[in-house]
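Asks: Predicted coordinates and the sequence they were generated for:
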Amino acid sequence: MTKEFHTAAIHHPIFKLIGEASDELGVDAYVIGGFVRDYFLKRNTPKDIDIVAIGSGIELAKKVASKLKGKPEISIFKNFGTAMIKHKDLELEFVGARKESYNRDSRKPIVEDGTLEDDQNRRDFTINAMALALNKSNFGELLDPFDGLTDLDREIIRTPLEPGITYSDDPLRMMRAIRFATQLHFTIELKSLQAITENKDRIKIVSKERIVDELHKILMSPKPSIGFKLMHQTGLLSLILPELTALQGIEEIEGQRHKDNFWHTLEVVDNIAETTDNLWLRWAALLHDIGKAPTKRFHEKIGWTFHAHEFVGAKMVYKLFKRLRMPLNEKMKFVQKMVLMSSRPIILSEDHVTDSAVRRLVFDAGDYVEDLMTLCEADITTKNPRKQKKYKNNFKIVRQKIVEVEERDHIRNFQPPVSGEEIMSTFNLKPSKEIGIIKDAIKEAILEGEIPNEYEAAYNFMLEKGRKMNLKVHSE
């Protein structure tokens, strides 16, 4: 990697316009941070671009906005000394160069005006401290005081200043280091990794929302296990997701062992990352076995068991989401449902696949049956090629059965062919438990394949069920 520029990216019209505005105000301006990093990595450059001014970032933003066509949306945050311009598909954030100092009990810095050098010193990593000049006199010049370009070339995550101070000042940077290592497939410098381990308890002063934001980014990376292994190695994981680290370890009693469910889980997450970008399905993969730690038992005759671990795990999902201040809404319910049902298709694939079992699977999973199958296929982590082929083939059979049953019986989002109101009018009933009994009997008959999912068959079944319950048909 060299310090010569490919001028196409830096010559986006917006940069020349910012440079002109800076010259008119008599301030120096630079593009800094993620845009510069990704520019040199030849990644898709981000649409959110950080501009630092040696002076007032707000005044520079106002000047830039006045030069842009179409009256762009500008937001000013005086308390933070920043301004945001949304222009077409870009988000430009302007800030004045500053230096920061920290109190022990907060990650919110005390901010003063500073030089470009001060501003680069406060950056989290060398690869995020590089700046490109935008003024006409030195347009495109790279200012790289910490040799971030070399670190990009060496694929290293390193802090500009002493890592112990960097991480203690703002502990969120520990999660960011791991996230960048995961996203970019970089290595965290050993000294920096040791500093994360030493400062891990400082993560407690970081808001849960910020931590979860980094967890989301790790989960959405091509190989999430990189991040979770680093979190485990440094001790952060046991502080943030103790339900996961509780899965680690293999016990042996009387020569009988069980698999290590922690490392198995990380394999499942990597598997599912290859097939879906659904964040919440990836969360389901991460949490699908968390109920195994509290339900693990050893029985002399049958060995290790994890009875009802899916049910226990689904309840644990709620507690985990609440603790991390994650949304207690449909997204959480989706994760709970996936965890609760995570073994159902596996059991089906091991047995003879009956139509009634498939109908019940589709009925219970509803619109999420495809997601459930994707999760279960990711759960295949055996290294035995013969077993792997067998399991994958079995799931193909289950998928085929789902299609066949769906086309014939229309069970997904099941609505009973006969309504409660019709049952009431047929037998001249007021609201009562008899109506629920008949409705459940019709549903069970359809799921078991005793009658087709059609009105006439369901109506006749209702009449027969009512007769057995000694109900008389009401005649007008």
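Replies: Perfect, I can see it now. Numbers count the residues shown, from 1 in each chain.

Asks: Could you give the number of residues near E404?
Replies: Look at E404: counted by other Cβ atoms under 10 Å, it has 12 neighbours. All C-beta spots, glycine's among them, are computed from the backbone N, C-alpha and C.

Asks: got it, and S168?
Replies: If we define neighbours as other Cβ under 10 Å, then S168 has 18 of them.

Asks: What of M332?
Replies: By other Cβ under 10 Å, 18 other residues sit near M332.

Asks: Grab the nearest non-local neighbour of it.
Replies: F321 (4.8 Å; Cβ to Cβ, 6 or more residues apart in numbering).

Asks: Now do the SS call for that neighbour.
Replies: Recorded secondary structure, F321: helix (DSSP: H, G, I helix; E, B strand; the rest coil).

Asks: Can you verify my assumption that it contacts N329?
Replies: No - contact between F321 and N329 fails when scored by Cβ atoms under 8 Å: they sit 9.4 Å apart.

Asks: who has more neighbours, those two?
Replies: F321 (21 against 9).

Asks: Next, work out how far apart the more buried one and V36 are.
Replies: 36 Å (Cβ to Cβ, to the nearest Å).

Asks: which helix in the chain runs the most residues?
Replies: Scanning the chain for the helix with the most residues, using DSSP state H, yields helix 385-409.

Asks: After it, which helix or strand is next?
Replies: Sequence order places helix 420-427 as the next helix or strand after helix 385-409, per DSSP states H and E.

Asks: Now the strand or helix carrying I435: buried residues?
Replies: Under the criterion of DSSP H and E, I435 resides in helix 433-447. Judged by neighbour count using 16 or more other Cβ atoms under 10 Å, the buried positions of helix 433-447 are 434-435, 438-439, 441-443, 445-447.

Asks: Then stretch 208-223?
Replies: Buried residues in stretch 208-223, defined by neighbour count with 16+ other Cβ under 10 Å: 211-212, 214-215, 217-221, 223.

Asks: Redo those as a markdown table? Include secondary structure and pLDDT.
Replies: Formatted as a markdown table, those follow (DSSP: H, G, I helix; E, B strand; the rest coil; pLDDT from 0 to 100):
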| residue | secondary structure | pLDDT |
| --- | --- | --- |
| I211 | helix | 98 |
| V212 | helix | 98 |
| E214 | helix | 98 |
| L215 | helix | 98 |
| K217 | helix | 98 |
| I218 | helix | 98 |
| L219 | helix | 98 |
| M220 | coil | 98 |
| S221 | coil | 97 |
| K223 | coil | 98 |
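
Asks: tell me which of those residues is nearest to L134?
Replies: Among the buried residues of stretch 208-223, K217 lies closest to L134 (Cβ to Cβ), at 28.2 Å.

Asks: just to revisit the earlier point, give the buried residues for the longest helix of the chain.
Replies: Neighbour-count burial for helix 385-409 flags 391, 394-395, 398-399, 401-402, 405, 409 (criterion: 16+ other Cβ under 10 Å).

Asks: any idea which of the residues you listed is closest to T382?
Replies: T382 lies nearest to Y391 out of the buried residues of helix 385-409, by Cβ to Cβ, at 7.1 Å.

Asks: ok, that closest one to K16 distance?
Replies: Distance from Y391 to K16, by Cβ to Cβ: 58 Å.

Asks: and if you look at H87?
Replies: 14 Å.

Asks: Between the two, which has more neighbouring residues?
Replies: Set side by side, H87 and K16 show more neighbours around H87, with 17 against 14, by other Cβ under 10 Å.

Asks: quick one: low-confidence parts of the stretch 1-150 of the chain?
Replies: 1-9, 11, 99-112 (pLDDT under 70).

Asks: In it, what residue spans correspond to strands?
Replies: With DSSP state E, counting those that start in this stretch, the ranges of strands along the stretch 1-150 of the chain come out as 29-32, 48-53, 73-77, 82-87, 90-96, 98-101, 110-113, 131-133, 142-143.

Asks: Of those, which is nearest A273?
Replies: Of all the strands of the stretch 1-150 of the chain, strand 48-53 sits nearest to A273, with 24.0 Å by Cβ to Cβ.
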